[in-house]
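S.K.: Just the structure for this:
(one chain, ligands or ions: 1)
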Amino acid sequence: MNNPHFKELFWRHADNPIITAKDIPYPANAVFNAGATRVGDETLLLMRVEDRRGISHLTVARSKDGIGNWRIDSRPTIMPSPDTNPEEIWGIEDPRITYLEDQERWVIAYTAYSEGGPLVSLATTADFKKFERLGPVMPPEDKDAALLPVRFAGRWAMIHRPVATFPATGAHIWISFSPDLKHWGDHQVLIHARKGGWWDANKIGLSPPPLETDEGWLVLYHGVRMTASGAIYRLGLALLDLEDPCQVIARSDQWVFAPEEEYEVFGDVDKVVFPCGWLADGDTVRLYYGGADTCIALATASLSELLAWLKDHNAYAGE
Ligand code: BMA
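M.R.: Numbers count the residues shown, from 1 in each chain. Below is the predicted model of the structure:
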């Protein structure tokens, strides 16, 4: 499927999709949109598993090489808990994982599907066995959230995507700050959805947590293009200043990854690539993404190539 007129930046793994519902050791409709991190010498995915009611929970998978031989928890690792957390009544979805070094624990930002709409909840863990819920931190509608791993002038930073339903002004990527992970403020738009015919017009959202590089925080975000035959979820790049992540240094003009293969084009929701985790290993980046809301797939890229390409395709004009 590679197009000779476009430089391929992400290379799909030959074994794709690497995890499907058949690999889950209990009945599941679909497995997709997994957060990723490293625990010891293993890759850990926190996968969104949708059951056969349509409600999602989160389940851990571990692998030595991050490609195959996944050991998947025999039961859901984190179930929605509507009795203690009513905002989780219709499930928990799309986790993004960030390791907070000075806390020696991970923070997981996930979507809780409440009666009032999707919102952002946080939980922490030191071992991916026991989890402590911090509860909802952003009201509906808000999703696609992830923390940066360090503090800025003493405060944590979280990127997220609130949606204003009336008047409809577009769904943009925001950044907010907190002294304690619980109380968030200083909300501001970080990256605007473009308008008109652009691939990322009207609705965008953060994909995995930003990746720290020498040149800045590398952001991978999704753009949702509405067409007569439904939405297309594609991915683009941006770069934020290392010291001050409110400063956008670059933003790609074109998308860098789009649904092309069968497992991305056809599924429960057609034409969706949706990553919630990526891991850098030297210059190699492993991107874990949901294919068509049905399976988990893997693509790799070179970090230096992504940064060089972004410089050549920087369309950021302070919008
Ligand atoms: C988004 C999220 C994702 C999903 C995508 C495509 O709004 O809900 O979980 O993968 O839509 O359906």
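
S.K.: Show me the beta-bridge partners of the nearest residue to Pro209 once chain neighbours are set aside.
M.R.: What sits nearest to Pro209 in space, not counting adjacent residues and going by C-beta to C-beta, 6 or more residues apart in numbering, is Ala146, at 3.8 Å. For the C-beta atoms, the positions are set from N, CA and C on the backbone; glycine is no exception. Ala146 has the following beta-bridge partners by DSSP bridges: Ile159.

S.K.: next one: Ser178
M.R.: Per DSSP bridges, the residues bridged to Ser178 are Trp156.

S.K.: Wait, it touches His160, no?
M.R.: No - at 11.6 Å, Ser178 does not count as touching His160 under the criterion of C-beta atoms under 8 Å.

S.K.: Settle it for me: which of these two has more neighbours?
M.R.: Comparing Ser178 with His160 by other C-beta atoms under 10 Å, the one with more neighbours is His160, at 25 against 18.

S.K.: I'd like the distance between the most centrally placed residue in the chain and Ala168.
M.R.: Nearest residue to the geometric centre of the chain (C-alpha atoms, centre = their mean): Cys276, 2.7 Å. Note on Cys276: its distance to Ala168, by C-beta to C-beta, to the nearest Å, is 26 Å.

S.K.: what's the answer for Thr294, then?
M.R.: From Thr294 to Ala168 the distance is 29 Å (C-beta to C-beta).

S.K.: swap in Glu115?
M.R.: Using C-beta to C-beta, Glu115 is found at 22 Å from Ala168.

S.K.: need the helices for the stretch 101-250 of the chain, in chain order.
M.R.: Counting by DSSP state H, counting those that start in this stretch, the stretch 101-250 of the chain has no helices to list.

S.K.: ok, the closest residue to the ligand within it - how many residues close by?
M.R.: Using C-beta to the nearest ligand atom, the single residue of the stretch 101-250 of the chain nearest to the ligand is Tyr233, 5.8 Å away. As a burial measure, Tyr233 scores 26 neighbours (other C-beta under 10 Å).

S.K.: Hmm, Asp270 and it touching each other?
M.R.: No - when contacts are counted by C-beta under 8 Å, Tyr233 is not listed as touching Asp270 (9.9 Å).

S.K.: who touches both of the two?
M.R.: By the contact definition C-beta atoms under 8 Å, 6 or more residues apart in numbering, Tyr233 and Asp270 are jointly contacted by Pro259.

S.K.: for the longest helix along the chain, packing partners?
M.R.: Using DSSP state H to define each element, the chain has its longest helix at helix 303-312. Judged by 3 or more C-beta pairs under 8 Å, 6 or more residues apart in numbering; DSSP states H and E, helix 303-312 is in contact with strand 211-213, strand 216-227, strand 230-240, strand 284-291.

S.K.: Residue numbers of the stretch 201-319 of the chain in contact with the ligand?
M.R.: The stretch 201-319 of the chain comes close to the ligand at residues Tyr233, Val269, Val272, Phe274, Gly290, Asp293, as judged by C-beta under 6 Å from any ligand atom.

S.K.: And the strands in the stretch 101-250 of the chain?
M.R.: All strands of the stretch 101-250 of the chain, identified by DSSP state E, counting those that start in this stretch, fall at 105-114, 117-125, 131-138, 142-147, 156-162, 173-178, 185-191, 204-206, 211-213, 216-227, 230-240, 248-251.

S.K.: what's the fifth one in contact with?
M.R.: For strand 156-162, the external contacting residues (C-beta under 8 Å, 6+ apart) are 100, 109, 120, 137-138, 141-148, 151, 171-179, 181, 184, 190, 204-206, 209-210, 219, 245.

S.K.: So Thr294 and Ala168 - more neighbours on which side?
M.R.: Per other C-beta under 10 Å, whichever of Thr294 and Ala168 has more neighbours is Thr294, with 23 against 9.

S.K.: Next up, the contacts around the residue nearest to the more buried one when sequence neighbours are not counted.
M.R.: The shortest distance from Thr294 to any non-neighbouring residue, by C-beta to C-beta, 6+ apart, is to Gly267 (3.3 Å). With contact set as C-beta under 8 Å, 6+ apart, Gly267 has these partners: Ala30, Gly291, Ala292, Asp293, Thr294, Cys295.

S.K.: Next, Gly267: secondary structure please.
M.R.: coil (DSSP: H, G, I helix; E, B strand; the rest coil).

S.K.: Show the pLDDT at it.
M.R.: Note for Gly267: predicted pLDDT of 98.

S.K.: Phe32 versus that one, what's the distance?
M.R.: 8 Å.

S.K.: so what sits against both of these two?
M.R.: Gly291, Asp293, Thr294, Cys295.
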